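**Student:** Structure for this input, please:
(chains A and B)
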Amino acid sequence: MVSPHGILLAAHVISSLYGDLCSKVCECLLRKGTLKLDEIFKSTELSKGNIFNCLRVLIHQNCVQAFQLEQEGGKALKSTLYMVIFDNIMHKLRATKFMQIVSEELGEDCRGILVGLIQHGRLSFDQIIDREKQKTGSFDGQVVHDSFRRLLSASEAPSQGEITERKTIEQLALEAAAPSESMRFSMDTGDISGEKGEESPNIPTVGQKRKNVVLDSDDELSDVNRRIEVLWRVNFEEFLWRLIHKACISHVKTSINNEASIVLSAALDLIGQSETRLNAENSPNLSINDIYEEVIKKEGGVGMDLDRVQTSLEQLGCETLATDMESYCIDIKSFIQMAQNQEVESMILKRYGKEAYKIFRLLSRAGRLVETDKISDITFVEKKETTKILFQLWKDGYLHMESMAATRPPSFHLWKVDQKRFRAKFLDEMYHAVLNLKLRITHEQDQRKEVLQIPKDKLVGELRNKVMLYRIVRATLERSSMDLDDAVVLFHHF
Amino acid sequence: MEMGIEADVRVIQSRCNLMSISFTTQLQFDEYMLILAPPPTIHSSTTESLPPSTSVAVAADKLYLQLLISLQPFRTTLKGAPTGMSRAAVALGRNKRPRESSRLTSDEQSVLDLILSKEGSGIQPRSIKFQLKIPDPIITRATKTLLANGKIKEVNGVQRGGATPRKTLMGVDFKPADVVSGGFWYENGKIDTGFVDVLRRFCRMQVMKSKVATLEWLHKAVMEGKLATVEIPRPQLTDLLTSMVLDNELVEVKSTGFGAFFRIPIGETCYKLPSSAAGGAGKDSVAGKFASIPCGVCPRIDVCTPDGAISPTTCVYYSQWLDIKF
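**Tutor:** So this is what the prediction gives:
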């Protein structure tokens, strides 16, 4: 279930990109969950035509997934269900980051193709070529082909490990919508008739093999499905991992040192396409020699010798194997945890003060209920002040409290950080902050609407200064929003 | 006893009851009767107007006054009375249960006995009242007497859970228990911050010298450094080091047996300084991204809404933040 401010943020994103009607449909699905068409019609009070159009746009932009449930006995239900994909809506905020990654790693040609996929959601290869033709005066099909291949090969996603928990209907629907792992990223040479990153918008049926037969229900929507064609979309999962790696490296740079961040970056590059990246606690074993060879390729790593690499690995907390002292395991989850802790503790320090920071760190590490006086003794905070801080944190929803009756007052109070509840609240606050930044950008723009409409050559003196100031304010707010999104990524997916 | 004397006994008993003096045995009361000394000359202004009564009633009143005198030996000196306690008071005192000092009344003795029985835990005045069933004024007088005599002391206690501290009374020879004083680090109800700071600086310096240190090593260094007149127990030193870890002054690690840890058994808890890049609490170098924007530190974020009185478009924190930047 998406948090309250997550819903508001998603609705704002959809509204700014695709209009208020789409935003209304999206918000309805976010608040009420997976719905049928009739239910959406009742909740939004929009006309069916408008709802259809909105769903088309949202499906095409990968923000909504349609599916059908199979009844027992093998007979599929005639009605179609629609569910919103919250993660993909959030990825719309990260478009500039994705473009930057591709630009740095693969070049401007690949970036151009990616921009098209981000803007249009899904494109066939022919549509990609047409778009490139319209964009550039001189068109070279081979360049487009090669750029496309490079994007595809960089998008190799790891096969998922076994997920033992019971999947929800929505998870099954998403899996049924995607082709098999072996076919998702394959591309025939020459004639492009290979498989796709995403199957055509054939409404999948959960519980049975995907069919190529278009179903009769939702006739208007199914018009889109009559042509079976290969469509491509952005592989968000790969970009997500790149962002997480970047966040971990950035955290290590600030909390340990630059050399440790270079070593971690090298180790993560080596892990690369590992199958176990997503689900396992530890990476495959990396030998010190492999890590060293990767380190010296990095900027700043040239001057490092084997001893310094080993020292950095120790600083990172990487353990050697018992059987092989030359091999190291890198626990990615521990780096993510450290980065999360840094965000949380930093907020507690700035909002509640140094004493609260110590108390929170103690409870966060203890992971169990601790009595008030014990907290006071360990943190060296006066008992009265400790009680005041604990109640303040509890009132704001950051701590869990239990009371034990004593033979005479005052009763014992026991405290702990309920990690699950706390992280959900923290994530919601971050969504709130991102939304606030976006709204402030809109407000600043509205305040200077008239000045911004003046042509550049007429901007002199005071007017020019106002425009300059607006640009600086906007850049600051957008940069803060992007930075905050890095923290959102860490908390949302772990 | 004859009827007449029985009546006298009842009168005197009733007078004594006015003062809540209780005789535990009839024998004590009888002894009081026998040793009743001739009353001193009483100045008329110190007496209430006495109703016309029998000689026994007058004698009982006089006994009453003498008992009053015995309770306030230095305050009430009646004209013609011997200085200090009257003979009756002294006689009375001799016949009560054994006293530490001949100056203590039965109430004072009861209070003192109760306080001493609590040893280092002490007792609060209201608890004395509940246990001895003595009125507040008597307890107040008794405690003042005992404090003045140096038999008990008052300790500024620390209440559990941070409740308002109340004064605690205990025997002068007893050391306050942790539950009263607050613990090893407390002095007069507050943390002895001066001592704690000295110890923290010392530990940090020792860790800086040796690069890595265990609890045992630091404990030994502290004792040899003679920073305190008493031995610092290991659990308390552990608490101090944990506090330094929480403040980011130290980092807690497990020994690997290699490198800087080669003299330390594998798995033992050690302390070292954080890397130079990491800051202590409050340093901007490790400020989170959420804490770097106004919303991250805003105490009103829960009531902030897009269209409300507190909103991002009207937020003064945003205005200040953007103004400061430019």
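
**Student:** Now residue 234. Its backbone dihedrals?
**Tutor:** In the absence of a named chain, this looks at chain A. Reported as degrees, to the nearest 10, the phi and psi values for A:V234 are phi -70, psi 140.

**Student:** same deal with B:Y271?
**Tutor:** phi -130, psi 140.

**Student:** got a list of what A:L490 touches?
**Tutor:** A:I244, A:A247, A:I336, A:A339, A:Q340, A:E343 (C-beta atoms under 8 Å, 6 or more residues apart in numbering or on different chains). In this view, the C-beta of every residue, glycine as well, is placed from N, C-alpha and C.

**Student:** Just the ones in helices from those residues, please.
**Tutor:** Residues of the contacts of A:L490 located in helices (DSSP state H): A:I244, A:A247, A:I336, A:A339, A:Q340, A:E343.

**Student:** Low-confidence bits of the chain, can you list those?
**Tutor:** I'll assume chain A. Applying pLDDT under 70 to chain A flags the ranges A:70-78, A:136-139, A:155-173, A:175-176, A:178-229, A:273-284, A:321-324, A:406-410, A:493-494.

**Student:** I was thinking of chain B, sorry if that wasn't clear
**Tutor:** Across chain B (using pLDDT under 70), the flagged ranges come out as B:1-102, B:159-165, B:276-286, B:324-326.

**Student:** Go ahead and confirm A:N289 touches A:Y328.
**Tutor:** No - the pair A:N289 / A:Y328 is not scored as a contact, 11.0 Å apart, by C-beta atoms under 8 Å.

**Student:** Nearest spatial neighbour of B:K190, chain-adjacent residues omitted?
**Tutor:** Computed as C-beta to C-beta, 6 or more residues apart in numbering or on different chains, the closest residue to B:K190 that is not its neighbour in sequence is A:E382, at 6.7 Å.

**Student:** what's the neighbour count on the one you found?
**Tutor:** 19 (other C-beta atoms under 10 Å in any protein chain shown).

**Student:** Buried by neighbour count, from the ones in helices among the contacts of A:L490: which ones?
**Tutor:** For the ones in helices among the contacts of A:L490, a burial check counting by 16 or more other C-beta atoms under 10 Å in any protein chain shown picks out A:I244, A:A247, A:I336, A:A339, A:Q340, A:E343.

**Student:** quick revisit: surely the residue nearest to B:K190 meets B:D192?
**Tutor:** No - applying C-beta under 8 Å as the test, A:E382 and B:D192 come out as separate, 11.6 Å apart.

**Student:** name the element the nearest residue to B:Q236 once chain neighbours are set aside belongs to?
**Tutor:** Excluding its sequence neighbours, the residue lying closest to B:Q236 (C-beta to C-beta, 6+ apart) is B:F184, at 4.6 Å. Element membership for B:F184, per DSSP states H and E: none, as it lies in no helix or strand.

**Student:** A:L393 too?
**Tutor:** Using DSSP H and E, the secondary-structure element containing A:L393 is helix A:383-395.

**Student:** List the buried residues in that helix.
**Tutor:** Going by neighbour count (16+ other C-beta under 10 Å), the buried part of helix A:383-395 is A:K383, A:K384, A:E385, A:T386, A:T387, A:I389, A:L390, A:F391, A:L393.

**Student:** Could you list which of the buried ones among the ones in helices among the contacts of A:L490 also contact chain B?
**Tutor:** For chain B, the contacts drawn from these by C-beta under 8 Å from any C-beta of the partner chain are A:E343.
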